[in-house]
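Chemist: Fold the following for me, if possible:
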Amino acid sequence: MVKTTFLCIAFAAFTASWASAKVSKTELPVSLSQQADTTKTKNNNKNGKSELGKEHNINEIVVTGVRQQASVNSVSDKIGENLIDRSMGKSLASILEHVSGVSSIQTGTTVAKPVINGMYGNRILIVNNGARQTGQQWGADHAPEIDQNSSGSIEVIKGAESVRYGSEALGGIIVMEQKALPYGQAGVSGHLRTLYGSNGKRYSVVAQAEGTIPFSNCLAWRLQGTYANSGDQSTAKYLLNNTGYREHDFSASLGYKYNALKLEGYYSMYNLKLGVLPSAQMGSEDLLKLRIELGQPVEIYPYSRHIDYPFQHVVHHTAIGKASFDAGKFGIFLWQTAFQHDDRKENRIRRMNLSNIPAVSLYLTSFQNQLKWNLTYNKWNTEAGASYLHIRNRNQGGTGVVPLIPNYTEYDLGIYAIQKYRNENWTAEAGVRFDNQETRASGYDYTGKLYGGHHIFSNFSYNLGTSYRLNEQWKLTSNLGLAWRAPHVHELYSNGNELGSGMFVIGDSTMHSEQSTKWVTSLSYRSAFAEVRVDAYLQWINGYIYDQPERGKYITVISGSYPLFQYKQTDAFFRGIDFDVRLKPMHHLEYHLLSGLIWANEKRTGNYLPYIPSARFDHDLTWEDIRVGKGNAWLQLKHRLVLKQTRFNPASDLIDFTPPTYNLFGVEAGIEWPLSERNKLRMLLAADNLFNKEYKEYTNRSRYYAHDMGRDVRFSIGWFF
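Modeler: This is a model prediction of the structure:
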């Protein structure tokens, strides 16, 4: 039986984790600033009693056996497997938009990077299964090389958490964690899910199986796989040629747990081939200006599943080893090591039949080690740790093109300590960290001249946080963090064309590190009928680094003309408010509102900074726990309002205006049907951009050449056992 079940899953390949029917589910409130081993239940019924283990709660954030990562004194939200499941077929950035204050910056319809309170790219640190994600995430057209379907939960930490996680975390952190391995579980559990999406005529399959080694309850395992295939996607009125993709992902986990000792190993492979919209590729300066003036492709061809030039192909391998030991009164000791290998190739439309040779061929390897010690005594908790990271990035020869960035090697060494205090209603913490980063870069420009340099950046990071529960309904959390980030080699030395975004980017080797002070305060209210949270933040950044179009300037190379983007540095001031409101007027009905408002200016001149998300409001109304025979059904209506970005400086953009306000509507319906005690079937039908609205998003780097995605109808069916 075990062998048959495993073979069925291996042939399917894909995941969107859901807990076994025997595992009770604990609902976390939106505030989610809990201690590592503490969860709170959500009051759903009218007498204020908590309800656990419900088969459906469409809007809630659910955690099943996943260790909380955020400090009780930080402002954070966690997305559980239920929402990850229902978002099958969407990008990581799209899933994270279910958190207030989180949006995305896109390049076309297929490449999206998460934005937290206006920060993105190298200011957002992604931690995958405890390891810092290292890849080629510096480019605007480079999405994170992660399969989100393998995660049991995704947590967004909004504060500057550099003390615990190191530099680059001054904008926020995305923590992606696996479910706990099923030590001692009887039999094999898992799921098999399939999806079809109308936009792009795409389909995907996810499979997962997990269990305990039969001869030993101390050994547990998990296998997971993903396959996705899409053709040309479309806007409301026309096709976006060459925007298909092929994705093949796989992960495996093995763990050993005996008394106080736990050993775990993890391996994943992410493989994505992604077509790039050719609108910004090839052509004269006059043709480029015409494309920008039209705001859409000049030529449109019939639908195709074929991925032609230009395209990107990324293969990312991750191997992680963990060892932890609970020494009782001496605390818990944790050691983790990780190796990552990233191979990125970008093929362009090239003359003389050279398109089959990659114009960009980058090979990155990284090795990291972490040591951590944690001790709880009386009302106090002490945490201390050290980390080491080594990154080596090389351009592969034979491309016939001057590399966009030079070869570089980076070394990071950090140590930190955090002290916490907790009583019944009040908690506080203080932390300090020291980091030293050394970067050596070397390359040749188009004239054959050697360039690069040796940079050493050293700095301290600090954090102060507190949380106070005023009564059973009200809670106040505040966090002040001082963080920093060294400029990336891409920002220092770029000199070339970014394939996906169609930009010619030039760096500035004189730039210094960013210094950030961020203060986040959250006030939350929670009762049987309502959950309300308001997060307000202020962030000052000395030496804020950003890329800005040079109006009217174009660079002409062999492949064509491209708009010039220059990296610049200035002192900046960010501030904003995030709202998260849930109202439950009756047992089966819930209304949910998410909103994010942000202002960002240069401190000296007051000028608006480019590519800052405009105000947005997401509403949904959900009827849940609708009995249909033996099954439970739900229905959800969704609406998104995105306002025109009026805080905009025309002199810092390629065009004089921003896209108009737009409204998007959606619907989702699903049912879960028990087949037996441990088997169930789930079906979901959803539509995004239901009325096929033609629109453009201000933060989409391809808005100069094309509109955003049109209607998408998704149908998925899953078997859980």
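
Chemist: make it CA atoms for all contacts and neighbour counts henceforth
Modeler: Fine.

Chemist: Report the secondary structure state of residue 72.
Modeler: coil (DSSP: H, G, I helix; E, B strand; the rest coil).

Chemist: from what I can see it touches residue 467, true?
Modeler: Yes: in this structure, residue 72 is within contact of residue 467 by CA atoms under 8 Å, at 7.1 Å.

Chemist: quick one: common contacting residues for the two?
Modeler: residue 427 (CA atoms under 8 Å, 6 or more residues apart in numbering).

Chemist: hang on, residue 455 in a strand?
Modeler: Yes: assessed with three-state DSSP, residue 455 lies in a strand.

Chemist: That one - nearest residue in space that isn't next to it in sequence?
Modeler: Residue nearest to residue 455 in three dimensions, not counting chain neighbours: residue 439, with 5.2 Å by CA to CA, 6 or more residues apart in numbering.

Chemist: Tell me the secondary structure of residue 289, please.
Modeler: Residue 289 ends up helix, using three-state DSSP.

Chemist: show me what contacts it?
Modeler: Taking CA under 8 Å, 6+ apart as the contact definition, residue 289 lies against nothing.

Chemist: Repeat that for residue 534.
Modeler: Contacts of residue 534 by CA under 8 Å, 6+ apart are 522, 523, 524, 577, 578, 579, 580.

Chemist: Which SSE is immediately downstream of the helix or strand hosting the last one?
Modeler: Following DSSP states H and E, the helix or strand that holds residue 580 is strand 560-586. Scanning forward in sequence from strand 560-586 by DSSP H and E, the next helix or strand is strand 589-602.

Chemist: Tell me what angle that following strand forms with strand 560-586.
Modeler: 140 degrees (axes from the mean of the first three to the mean of the last three CA atoms, to 10 degrees).

Chemist: So which elements touch strand 589-602?
Modeler: Judged by 3 or more CA pairs under 8 Å, 6 or more residues apart in numbering; DSSP states H and E, strand 589-602 is in contact with strand 560-586, strand 616-628.

Chemist: Now do it: distance to the chain's middle.
Modeler: 18 Å (CA atoms, centre = their mean, to the nearest Å).

Chemist: Export that strand to CSV, keeping only CA atoms.
Modeler: Below are the C-alpha coordinates for strand 589-602, written out as CSV (Å, rounded to 0.1, in the frame of the first residue of the first chain):
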residue,chain,number,x,y,z
LEU,A,589,-20.4,35.3,7.0
GLU,A,590,-17.1,37.3,7.2
TYR,A,591,-16.0,40.6,5.6
HIS,A,592,-12.3,41.3,5.2
LEU,A,593,-10.5,44.6,4.3
LEU,A,594,-6.8,45.1,3.6
SER,A,595,-5.3,48.4,2.8
GLY,A,596,-1.9,50.0,2.5
LEU,A,597,-1.0,53.7,2.2
ILE,A,598,2.5,54.8,1.8
TRP,A,599,4.4,58.1,1.2
ALA,A,600,8.1,58.3,0.2
ASN,A,601,10.2,61.4,-0.5
GLU,A,602,13.7,62.6,-0.8
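
Chemist: from now on call the first residue 512
Modeler: Understood, numbering begins at 512; the last thing we discussed is strand 1100-1113.

Chemist: what does it contact?
Modeler: 570, 609-613, 628-629, 1081-1095, 1118-1120, 1123-1135, 1158.

Chemist: Name only those of those that count as buried.
Modeler: Buried residues within the contacts of strand 1100-1113, counting neighbours by 16 or more other CA atoms under 10 Å: 570, 609-613, 628-629, 1081-1095, 1119-1120, 1123-1135, 1158.

Chemist: Show me where the stretch 912-1061 of the chain has its strands.
Modeler: 918-933, 937-955, 961-980, 985-996, 1006-1009, 1014-1017, 1025-1037, 1041-1068 (DSSP state E, counting those that start in this stretch).

Chemist: and these, which one's lowest on average pLDDT?
Modeler: For the strands of the stretch 912-1061 of the chain, mean pLDDT drops lowest on strand 1006-1009, to a mean of 85.

Chemist: Which strands and helices lie in contact with that strand?
Modeler: strand 1014-1017.

Chemist: Can you give the strand pairings for the strand it packs on, parallel or anti for each?
Modeler: The strands that strand 1014-1017 pairs with in its sheet are strand 1006-1009 (antiparallel), strand 1071-1097 (parallel) (by DSSP bridges).

Chemist: Look up phi and psi at the nearest residue to residue 694 once chain neighbours are set aside.
Modeler: Excluding the flanking residues, the one nearest residue 694 by CA to CA, 6+ apart is residue 731, at 5.2 Å. Dihedral angles of residue 731 (phi, psi; degrees, to the nearest 10) stand at phi -130, psi 160.

Chemist: same deal with residue 594?
Modeler: phi -70, psi -40.

Chemist: For it, give its distance to residue 1185.
Modeler: Distance from residue 594 to residue 1185, counting by CA to CA, to the nearest Å: 20 Å.

Chemist: In contact with residue 664, which residues are there?
Modeler: Listed by CA under 8 Å, 6+ apart, the contact set of residue 664 reads 574, 577, 589, 590, 591, 592, 595, 687, 688, 689, 690.

Chemist: Report pLDDT for residue 681.
Modeler: 86.

Chemist: next one: phi and psi at residue 840?
Modeler: The phi/psi pair for residue 840 (degrees, to the nearest 10) is phi -70, psi -10.

Chemist: Does the residue lying closest to it once chain neighbours are set aside lie in a helix or a strand, and which?
Modeler: Of all residues beyond its chain neighbours, the one nearest residue 840 is residue 886 (7.6 Å), with distances taken as CA to CA, 6+ apart. Using DSSP H and E, residue 886 maps to strand 871-888.

Chemist: go on, residue 851?
Modeler: Following DSSP H and E, one finds residue 851 within strand 843-858.

Chemist: Tell me which strands that strand pairs with, and in which orientation.
Modeler: strand 822-837 (antiparallel), strand 871-888 (antiparallel).

Chemist: tell me the mean pLDDT over it?
Modeler: Rounded mean pLDDT across strand 843-858 is 97.

Chemist: roughly how far out does it sit from the chain middle?
Modeler: Relative to the chain's own centre, strand 843-858 is displaced by 17 Å; criterion: CA atoms, centre = their mean.

Chemist: shaky segments in this structure?
Modeler: 512-582, 671, 791, 793 (pLDDT under 70).

Chemist: May I have the secondary structure class of residue 817?
Modeler: What three-state DSSP gives for residue 817 is coil.

Chemist: nearest spatial neighbour of it, skipping sequence neighbours?
Modeler: In space, residue 817 is closest to residue 742, 6.8 Å off (CA to CA, 6+ apart).

Chemist: Then residue 1138?
Modeler: Nearest in space to residue 1138, with sequence neighbours left out and distances taken as CA to CA, 6+ apart, is residue 1144 at 6.3 Å.

Chemist: just residue 1158 next, same as before
Modeler: The nearest residue in space to residue 1158 (CA to CA, 6+ apart) is residue 1119, at 6.1 Å.

Chemist: do residue 662 as well
Modeler: residue 689 (4.8 Å).

Chemist: That neighbour touches residue 665, doesn't it?
Modeler: No: between residue 689 and residue 665 there is no contact under CA under 8 Å: 9.1 Å.

Chemist: more neighbours, the two?
Modeler: Neighbour count, other CA atoms under 10 Å: between residue 689 and residue 665, residue 665 has more, with 26 against 20.

Chemist: Contact partners for the more buried one?
Modeler: Residue 665 neighbours (CA under 8 Å, 6+ apart): 589, 590, 591, 685, 686, 687, 688.
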